[in-house]
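A.B. asks: Mind folding the following:
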Amino acid sequence: EISEMVVRAPTSAWGWWTVAVSAVVTHWPAPTRATSEPPSWTAPQSGDFFPPLGSSDGLPPHPRLRVNDSRLAEINRTIQTDPTAKAYFEGLTTFGEVLLAAPLVNTSDNAMTMARTTLTREYNLGLLWRLSGDDRFAARAAQELLHVVTNCTTWDPAGLVLAEMVHAVAIGFDWLYHYLSPAQRQTIVAGTTRLGFNEALSQYPHAFWANCTFNWGVVTNGGLAIGALAFLDEPVASANASAVLSKALVGVSQPFRSFAPHGAWHEGSMYWGYTSEYALATTASLRGVYGSDHGLSAASGFNETALFRLYMNGPSQNSFDFGDSNGYVYNEGCDPSLFMGYSQLPSSSSQLRSLCAYEGRRLAKLVASFTDANGDTKYNCSGIFESYLYNNTGTNGMIDCSYLLIDYSAAGTAADLQAQPTAKLFQLSAFGWDNCDALGFFRSAWSTASEGASGKHSYLAFKAANGLPNHNDLDGGTFVFEAGGQRWGMDMGSDNYGLKNYFSQNLKFRYGYYRKSTAGHNTLTFDNDGLDNTNRGACDQDPGPNGITSIILFAGSDTIPDSHNTVAALDRTSSPAFSIVDLTAAYGPQNSSRVERGFAFTESYEQLLVVDEFEFAATSTVRNVTWTMHTMATIQLSTAHGGGGVGRSAVLSLGGAALHARVIEPQGAVFSAAAVDLLPPQKPSVGVSKLQVHMSLGAASPDGPGAVAPLTRIVVGLSLSAVAPAVTPNPLAQWKAAGPFAGLHLRAPSPTTTAETALS
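C.D. replies: Residues are numbered from 1 along each chain as shown. Presented below is the predicted three-dimensional model:
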């Protein structure tokens, strides 16, 4: 059980805040073992890893964490011959010079800011010294180390910052070992033992993070394990470091199970990034010290998880930012160095390692490159958590070149990316998902390197309902949609972590905030008035494990058929990609009998149809349904009857492009539009609007006279073309047998009238 505690966690791509969280959780559901888990990997038990060493028995010399002398020599050779690696090193050097003039880290600042800043500085300054031999960088890194081990009274009372600080100091100690004097080493060892290992051992018996299945489990246990590996052969620290290592490596194995079965991460893109940072650092450090990570990298799905992040990015390079994520490409969850890190994972296939190396270089150039006055490519390597202080290029993103260099690989080409399937289905295992098909991705093609963040291909990402997972929302059926170089259907991402009870996962608290509620997503709500942005608790999906649902049909033009997507008599030319999400259980609080959402692209991805079918018991009191899509576009509703009636169609305008939306079913349904104006302390929602269809259900509805038989189906078409066929797809029950359009004659739409009314 977790009671009132202090949690320090990311609020945005670069900022961290201290948050008082009242998170009452009765239990963390046990992870489910994937049926496809390699038989060679068994989750370790206490004592399976390393006996107390007490001395330097069997340990390699310093440096041994992530790099050793051989790897450093290889990196230096690569810098001399590889223009990209050379550019990373030049960026790293520029950043190092800035750090020499910067003030020491503020130990009175927010604890996570202190920890992340220290971590960034030790990696960058330490690597610069190792590669250049310039003692100025070593001296400054040593000064930072001595500062944090002597001027802090605690590194964290709750685990997360504790592990980050232990990680940071361990890297500095290991990489600077031969520069530090015996007295300096003694001071660092004593401080790390007192503030790090002793504190960790006092927390392990009761800490929830010691054995949890989400990002905290990897960061805390992983950071502490890395720290222990640096100090195992120090007499003052060895006993406690060894004890910490044993506990940490048992604990870190638990969240590794959450990568099962094929690498998707239940907390979304941002926390995939945070988790991956520590998973990669932990496994690489273990291999550097012991020649093996004792099977962690063989955990089901971990060797494939880079593919999950690859598919999360649309042609805009912004991610499907469900849960507490930031969708923009300039965010930690899209850190190019993580792809570079996965290019070194020995348990991955050689093809995937090559793809990861290429993607790391591609994203680094996209995010952080700029051209100097001589026309040469340079990199803004300001470091993720230093960027808000030292971003000298203004509009460019930031990358951490130390991470890119220690894992650098020149392998892979654009052909490796283009060879990936355009349709991908991911399962989730943690928090009761039990390997359900949970996340689906369709795209018409992969963007080329020259398109950068301006790819105009169609892209659809969507998800089933999730119940309880950490950092998630009540968003079953939600989707993001891109076409023509714009993101038309958006997710609003994370909110302000300082909101009261933001992490208390119930309707009264977390899901009472608009971004976290069902009403705040691109999905259906029932008995939602559709007008204001306050809590829609009565129409929210089930927030517990009973609300978990799955994708029940998934078929893309290049999907490998299986039990979920085998479709007889499928005409791939008329429907290159389609899927069905079962949402029935998610709407259990509304007494649903059946709620399903279908997605279907027409030929050549010309139009996306969103098809919703729903049924309720005769005794249901549900009165109305609201279909919603959030967007940054300006919305214009049709004002004349030529398109079937006032409001039957709409034109969305964004970035010089136009998207045409049409209510295909039912007759009489119309669009409405409204601005989303969220009030502080929620994050601002400037420019966000929502396109909606709001309809009565049943003759007994109190919504007014003239109500007809119960509505069971809404079909909305979205297309860049104003003359896309107004096709009425087959019932969802027929899709598995024949696809959404079998036997249909696509007809041209009625003439579209000029929209005159704009949403201001």
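A.B. asks: Would you map the strands across the stretch 451-600 of the chain?
C.D. replies: Counting by DSSP state E, counting those that start in this stretch, the segments of the stretch 451-600 of the chain that form strands are 459-463, 479-483, 486-489, 524-526, 550-556, 577-582, 592-601.
A.B. asks: In TSV: these, plus distance to residue 145, mean pLDDT and mean neighbour count.
C.D. replies: Any C-beta I mention is one placed from the backbone N, CA and C, and that applies to glycine too. Written out in TSV, the entries for the strands of the stretch 451-600 of the chain read as follows (distance: least, C-beta to C-beta, whole Å; pLDDT from 0 to 100; neighbours: other C-beta atoms under 10 Å):
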stretch	distance to residue 145	mean pLDDT	mean neighbour count
strand 459-463	43	98	26
strand 479-483	43	98	24
strand 486-489	43	97	24
strand 524-526	53	94	27
strand 550-556	49	93	23
strand 577-582	51	96	26
strand 592-601	53	96	22
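A.B. asks: Nearest to residue 649 among those would be which one?
C.D. replies: Evaluated with C-beta to C-beta, the strands of the stretch 451-600 of the chain place strand 486-489 nearest to residue 649, the distance being 14.7 Å.
A.B. asks: Output the below-cut-off pLDDT ranges for the stretch 101-250 of the chain.
C.D. replies: Counting by pLDDT under 70, the stretch 101-250 of the chain contains no low-confidence range.
A.B. asks: For the residue nearest the centre of the chain, report the pLDDT, please.
C.D. replies: For the chain, the residue nearest the mean C-alpha position is residue 269 (0.5 Å; C-alpha atoms, centre = their mean). On the pLDDT scale, residue 269 is placed at 91.
A.B. asks: what's the answer for residue 698, then?
C.D. replies: Here the pLDDT value assigned to residue 698 is 64.
A.B. asks: still on that earlier bit, I'd like to know which elements the helix or strand in which the residue nearest to the centre of the chain is found is packed against.
C.D. replies: Element membership of residue 269, judged by DSSP states H and E, is helix 268-290. On a contact count with 3 or more C-beta pairs under 8 Å, 6 or more residues apart in numbering; DSSP states H and E, helix 268-290 meets helix 215-231, helix 238-256, helix 305-312, helix 336-342.
A.B. asks: That one: how far from the chain's middle?
C.D. replies: Its chain's C-alpha centre and that of helix 268-290 lie 15 Å apart, by C-alpha atoms, centre = their mean, to the nearest Å.
A.B. asks: Now it - C-alpha only, CSV.
C.D. replies: Taking C-alpha atoms only, helix 268-290 is exported to CSV below (Å, rounded to 0.1, in the frame of the first residue of the first chain):
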residue,chain,number,x,y,z
GLY,A,268,3.5,5.3,-23.0
SER,A,269,6.3,6.8,-24.9
MET,A,270,7.8,9.1,-22.3
TYR,A,271,8.1,6.4,-19.6
TRP,A,272,9.3,4.0,-22.2
GLY,A,273,12.2,6.4,-22.6
TYR,A,274,12.9,6.7,-18.9
THR,A,275,12.7,3.0,-18.5
SER,A,276,14.8,2.2,-21.5
GLU,A,277,17.5,4.6,-20.3
TYR,A,278,18.0,2.6,-17.2
ALA,A,279,17.4,-0.8,-18.7
LEU,A,280,20.1,-0.2,-21.2
ALA,A,281,22.5,1.3,-18.7
THR,A,282,22.0,-1.6,-16.2
THR,A,283,22.4,-4.4,-18.7
ALA,A,284,25.4,-2.8,-20.4
SER,A,285,27.1,-2.2,-17.0
LEU,A,286,26.5,-5.8,-16.0
ARG,A,287,28.0,-7.1,-19.2
GLY,A,288,31.0,-4.8,-18.8
VAL,A,289,31.7,-6.1,-15.3
TYR,A,290,30.7,-9.8,-15.5
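A.B. asks: Next, the distance between the ends of stretch 232-244.
C.D. replies: Across its full length, stretch 232-244 reaches 10 Å end to end, with C-alpha to C-alpha, to the nearest Å as the criterion.
A.B. asks: Would you mark the buried spots in it?
C.D. replies: Within stretch 232-244, the residues that count as buried by 16 or more other C-beta atoms under 10 Å are 232, 233, 234, 237, 238, 240, 241, 242, 243, 244.
A.B. asks: nearest to residue 716, of those?
C.D. replies: Proximity to residue 716 was ranked across the buried residues of stretch 232-244 by C-beta to C-beta; first place goes to residue 244, at 54.8 Å.
A.B. asks: Per-residue pLDDT of residue 34, please?
C.D. replies: The per-residue pLDDT reported for residue 34 equals 31.
A.B. asks: Revised request: answer the last question for residue 54.
C.D. replies: According to the predicted model, the pLDDT of residue 54 comes to 33.
A.B. asks: And residue 588, by the same measure?
C.D. replies: At residue 588, the pLDDT value in this model is 90.
A.B. asks: That one and residue 545, how far apart?
C.D. replies: Computed as C-beta to C-beta, to the nearest Å, the residue 588 to residue 545 distance reads 11 Å.
A.B. asks: joint contacts of the two?
C.D. replies: Residues touching both residue 588 and residue 545 by C-beta atoms under 8 Å, 6 or more residues apart in numbering: none at all.
A.B. asks: what's around residue 415, how many residues?
C.D. replies: Using other C-beta atoms under 10 Å, residue 415 is surrounded by 10 other residues.
A.B. asks: and it, how far is that from residue 355?
C.D. replies: Relative to residue 355, residue 415 is positioned 10 Å away (C-beta to C-beta).
A.B. asks: burial of residue 66, as a residue count?
C.D. replies: The burial count for residue 66: 25, using other C-beta under 10 Å.
A.B. asks: Pretty sure it sits against residue 402.
C.D. replies: No. Taking contact to mean C-beta atoms under 8 Å, the distance of 9.8 Å between residue 66 and residue 402 leaves them out of contact.
A.B. asks: In CSV: the helices and strands packed on helix 268-290, plus distance to residue 134.
C.D. replies: Formatted as CSV, the entries for the helices and strands packed on helix 268-290 read as follows, by distance: least, C-beta to C-beta, whole Å:
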stretch, distance to residue 134
helix 215-231, 23
helix 238-256, 31
helix 305-312, 34
helix 336-342, 23
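A.B. asks: mind checking which of these is nearest residue 435?
C.D. replies: Ranking the helices and strands packed on helix 268-290 by their distance to residue 435 (criterion: C-beta to C-beta) puts helix 305-312 first, at 14.5 Å.
A.B. asks: what distance separates that closest one from the centre of its chain?
C.D. replies: Here helix 305-312 is found 9 Å from its chain centre; the criterion is C-alpha atoms, centre = their mean.
A.B. asks: Looking at that helix now, give me its mean pLDDT.
C.D. replies: Predicted confidence along helix 305-312 averages 96 (mean pLDDT).
A.B. asks: pull the CA atoms of it into PDB?
C.D. replies: In PDB, the C-alpha atoms belonging to helix 305-312 read as follows (Å, rounded to 0.1, in the frame of the first residue of the first chain):
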ATOM      1  CA  THR A 305      11.200  -3.000 -27.600                       C
ATOM      2  CA  ALA A 306      12.900  -0.500 -29.900                       C
ATOM      3  CA  LEU A 307      10.300  -1.500 -32.500                       C
ATOM      4  CA  PHE A 308       7.500  -0.300 -30.200                       C
ATOM      5  CA  ARG A 309       9.100   3.200 -30.000                       C
ATOM      6  CA  LEU A 310       9.700   3.200 -33.800                       C
ATOM      7  CA  TYR A 311       6.000   2.600 -34.500                       C
ATOM      8  CA  MET A 312       4.900   5.100 -31.900                       C
END
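A.B. asks: between it and helix 268-290, how big is the angle?
C.D. replies: Using axes from the mean of the first three to the mean of the last three C-alpha atoms, to 10 degrees, the interaxial angle of helix 305-312 with respect to helix 268-290 works out to 160 degrees.
A.B. asks: Can you list the buried residues in helix 305-312?
C.D. replies: Along helix 305-312, the positions that meet the burial threshold by neighbour count (16+ other C-beta under 10 Å) are 305, 306, 307, 308, 309, 310, 311, 312.
A.B. asks: nearest to residue 108, of those?
C.D. replies: The shortest approach to residue 108 among these belongs to residue 309, at 35.6 Å (C-beta to C-beta).
A.B. asks: isn't the closest one right up against residue 335?
C.D. replies: No. At 9.7 Å, residue 309 and residue 335 do not qualify as touching, with contact defined as C-beta under 8 Å.
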